[in-house]
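S.K.: Provided below are the primary sequence and the corresponding predicted coordinates.
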Amino acid sequence: MPERVERRLTTILAADVAEYSRLMRGAEDETLAALTACRAIVDGLVAEHRGRIANTAGDSVLAEFPSVAGALSCALAIQQEITKHNEPLPPGRQLRFRIGLHLGDVMIRGGDLFGDAVNIAARLQSLAEPGGICVSAAVREHVGTRLAAAFADGGAQQVKNIAEPIHVFRVTAPGTAQSSGPSAALPLPDKPSVAVLPFTNMSGDPEQEFFADGIAEDVITALSRYPSLFVIARNSTFTYKGRAVDVKQVGRELGVRYVLEGSLRKSGNRIRVTAQLVEAETGKHVWAERYDRNLAEIFAVQDEITEAVTIAVAPAIADAELHRAMRKPPESLDAWAAYQRGLWHYEKANAVDNALAEKFFQQAIDLDPNFAGGYKALALARTTAGAVYQTHNLSEALASAEELARRAVALDGTDAEARTRIAVTLYLRADYEGALTEVQRALTINPNLAPAHGVRGSTLIFSGRPSDGLASLETCIRLDPRDPNLAARLNHVALGLYFCREYEAAIEAAKRTIRSYPNHPLAYRWLAAALGQIGRIDEARVALDRAIAVAPPSLETYVRQRPPWFRPQDHAHWVEGLCKAGWQG
């Protein structure tokens, strides 16, 4: 005979322990003993308030009450008593409950509760803060002013597997454990860390849930390709799905410095995706953007938005990290901060700062010989010292840079940036095919790596394919407009246009470089040569004089001795322009 199913209107209390899995991983026996003690408190209070425990599983409790006020009184008492129980315990070992309350129609079979009302109570519980209580509008309305409890309106919340949004109220009564202080924070990794939260589907269309999830998942995958970032896995960040979260709390619980959150809203055949990057400790917004798209090809739109978010977030984190490092006193620098200081000096694009960058990058290596970032950054600065400023012997600088870059690859074979550094040393020796091979390996690892596109562009320009090279440089600059090597990228745009014999465009590109980097020596040379080619001799002579003044020995050497990465015909073309500008060296 089938088991009888009963239906009735009741108040459901759903509770579970926040961060229970983490606590169990840290100390199974202690956590299990603490749970047993806390469950004794909960069970006793449920009975005292005329409730009945229906379902239990691990750290979760589901109970029903004939009275709404009785259920809320019980929830308040649970949080108060658990707070007292936690007082002698260290913060990292305290068990803190989340509680959700809902009034609704349920099915009862064999003493267990089933139905949408049960699911709603569980979703309300997941929206509560550790030590907090969330209730539905039905509970809030029935309680009225009968209890000494205050309520904060949390608005309508769309939660998983519930078709209609739930109107949420947070209980803010004195004595709840919400004031018991934050849970113990996980230590931060030794490089910038980011958690990508599930994007919130605000469209009211459950079919868009997979689209919102897909964007978040794809952004996690794309950011994971950056060796400079520590990215929390999807399984951890998606535990926050359907919950109203505090970014500071997420930062503490996951041990991250940055949190990326977003939302999706659909209207007709258009969607709007918003995303924002927040520094978890301070709550400061580092970056935010909005994307409006037509939904004609939904997967193409998903890919497009994923790429746009990824290429914006990685540079935003890099910029925020650089500013954090600059606030530290020099004597307290760790390897990561020394590396960031070096990048700050490198970006100044002059010989003095480049030398300081080398010192900071070497300091990063000395502080942590297993930090790949120090090696690949020192390779970059040493290459620049030899090829641009000529403060090092060129062949020795390139040999040293290649050795450093290969050390970085040995430390991490998936480091696309390190492979890009190897490519630089190869193309500067005119090994164009070798350089393009290394660049392709880098782009296979990380298709959105701006430096790899930049080096590919430079290699193509110097190997006789300037039009193709300019396209790659444009991609590089679009992907990372704050690239530490931007001065070189802009200069190569100017010389690529010069090699295409587009002299007017080359003049504008050279001027663009000079406006941003007035002490970078190379742009004046290409400006002078391009002006000379179109007969603007007076302007060409001014540019040539400036080129000589900024780096006199370098210009002399480059004109009289062809650098190895120049093809003979390209070098002759350049010198021709300089001679028209008045060069008589």
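M.R.: Cool, got the structure. Numbers count the residues shown, from 1 in each chain.
S.K.: switch to C-alpha atoms for all contacts and neighbour counts from now on
M.R.: Noted.
S.K.: Sketch out the low-pLDDT regions of the stretch 101-250 of the chain for me.
M.R.: When residues are selected by pLDDT under 70, those of the stretch 101-250 of the chain lie in 145-146, 148, 160-161, 172-187, 190, 204-207, 235.
S.K.: Mind jotting down where the strands sit in it?
M.R.: Under the criterion DSSP state E, counting those that start in this stretch, the stretch 101-250 of the chain carries strands at the ranges 112-114, 133-136, 151-157, 166-171, 193-196, 200-201, 230-231.
S.K.: List the contacts of the residue lying closest to Glu164 once chain neighbours are set aside.
M.R.: Distance criterion CA to CA, 6 or more residues apart in numbering; nearest residue to Glu164, sequence neighbours excluded, is Gln158 at 6.9 Å. With contacts defined as CA atoms under 8 Å, 6 or more residues apart in numbering, Gln158 is in contact with 164-166, 201-202, 204, 242.
S.K.: ok, so of those, who is nearest Ala385?
M.R.: Taking CA to CA as the measure, Ala385 sits nearest to Asn201 out of these, at 50.7 Å.
S.K.: bridging residues for that closest one?
M.R.: Beta-bridge partners of Asn201, counted by DSSP bridges, are Leu264.
S.K.: circling back to that earlier point, from the contacts of Gln158, list the buried ones, please.
M.R.: 166, 201-202, 242 (16 or more other CA atoms under 10 Å).
S.K.: Taking these, tell me the two that lie furthest apart.
M.R.: Across the buried ones among the contacts of Gln158, the longest distance by CA to CA is 13.6 Å; it joins Ile166 and Asn201.
S.K.: Remind me what the longest helix along the chain packs against, helices and strands.
M.R.: For the chain, the helix that runs over the most residues, judged by DSSP state H, is helix 298-326. The elements that helix 298-326 packs onto, with contact taken as 3 or more CA pairs under 8 Å, 6 or more residues apart in numbering; DSSP states H and E, are helix 209-223, strand 284-294, helix 335-346.
S.K.: quick check: angle from it to helix 335-346?
M.R.: Angle, helix 298-326 to helix 335-346, by axes from the mean of the first three to the mean of the last three CA atoms, to 10 degrees: 90 degrees.
S.K.: wait, isn't Leu277 in contact with Tyr258?
M.R.: Yes: applying CA atoms under 8 Å as the test, Leu277 and Tyr258 come out as touching, 6.7 Å apart.
S.K.: What is the neighbour count of Leu103?
M.R.: 27 (other CA atoms under 10 Å).
S.K.: could you give me the average pLDDT of the longest helix of the chain?
M.R.: For helix 298-326, the per-residue pLDDT values average out at 79.
S.K.: quick one: buried residues of it?
M.R.: Buried positions in helix 298-326, judged by neighbour count with 16+ other CA under 10 Å: 301-302, 305-307, 309-319, 321-322, 325.
S.K.: Among Leu277 and Tyr258, which residue is more densely surrounded?
M.R.: Using other CA under 10 Å as the criterion, Leu277 and Tyr258 rank with Tyr258 on top: 28 against 24.
S.K.: For the more buried one, grab phi and psi.
M.R.: Note on Tyr258: its backbone torsions stand at phi -130, psi 150 [degrees, to the nearest 10].
S.K.: Could you find the closest non-adjacent residue to Ile220?
M.R.: Nearest residue to Ile220 in three dimensions, chain neighbours excluded: Val196, at 6.3 Å (CA to CA, 6+ apart).
S.K.: can you pull the contacts of Ala308?
M.R.: Applying CA under 8 Å, 6+ apart, we find Ala308 in contact with no residue.
S.K.: Apologies, that question was intended for Leu428.
M.R.: Residues 398, 564-565 are the ones in contact with Leu428 under the rule CA under 8 Å, 6+ apart.
S.K.: Distance-wise, check Ala149 relative to Val143.
M.R.: Look at Ala149 and Val143: by CA to CA, to the nearest Å, they are 9 Å apart.
S.K.: And this protein, split by domain according to the record?
M.R.: For the chain, whose domains are defined here by automatic domain parsing, the residue ranges read 6-179, 193-326.
S.K.: In TSV, list these along with distance to Pro369.
M.R.: Below are the domains of the chain laid out as TSV (distance: least, CA to CA, whole Å):
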stretch	distance to Pro369
domain 6-179	30
domain 193-326	16
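S.K.: re earlier: ramachandran angles for the residue nearest to Glu164?
M.R.: The phi and psi values for Gln158, taken as degrees, to the nearest 10, are phi -90, psi 120.
S.K.: what about Gly582, how many residues close to it?
M.R.: As a measure of burial, Gly582 has 18 neighbours, counting by other CA under 10 Å.
S.K.: where's the residue nearest to it when sequence neighbours are not counted relative to Leu531, distance?
M.R.: Distances taken as CA to CA, 6+ apart place Arg541 nearest to Gly582, at 6.1 Å, with adjacent residues excluded. As judged by CA to CA, Arg541 and Leu531 stand 9 Å apart.
S.K.: One more: Leu398?
M.R.: When distance is defined by CA to CA, Leu398 is 32 Å away from Leu531.
S.K.: likewise Gly496?
M.R.: Going from Gly496 to Leu531 by CA to CA gives 15 Å.
S.K.: Thr10 too?
M.R.: Distance check for Thr10 against Leu531: by CA to CA, it reads 85 Å.
S.K.: who's more crowded, the two?
M.R.: Between Thr10 and Leu531, Leu531 has the larger neighbour count (other CA under 10 Å), namely 26 against 19.
S.K.: Quick one: the buried ones among the contacts of Gln158 as CSV, columns for distance to Pro466 too.
M.R.: Supplementary listing: those in CSV, determined by distance: CA to CA, whole Å:
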residue, distance to Pro466
Ile166, 59
Asn201, 45
Met202, 47
Gly242, 51
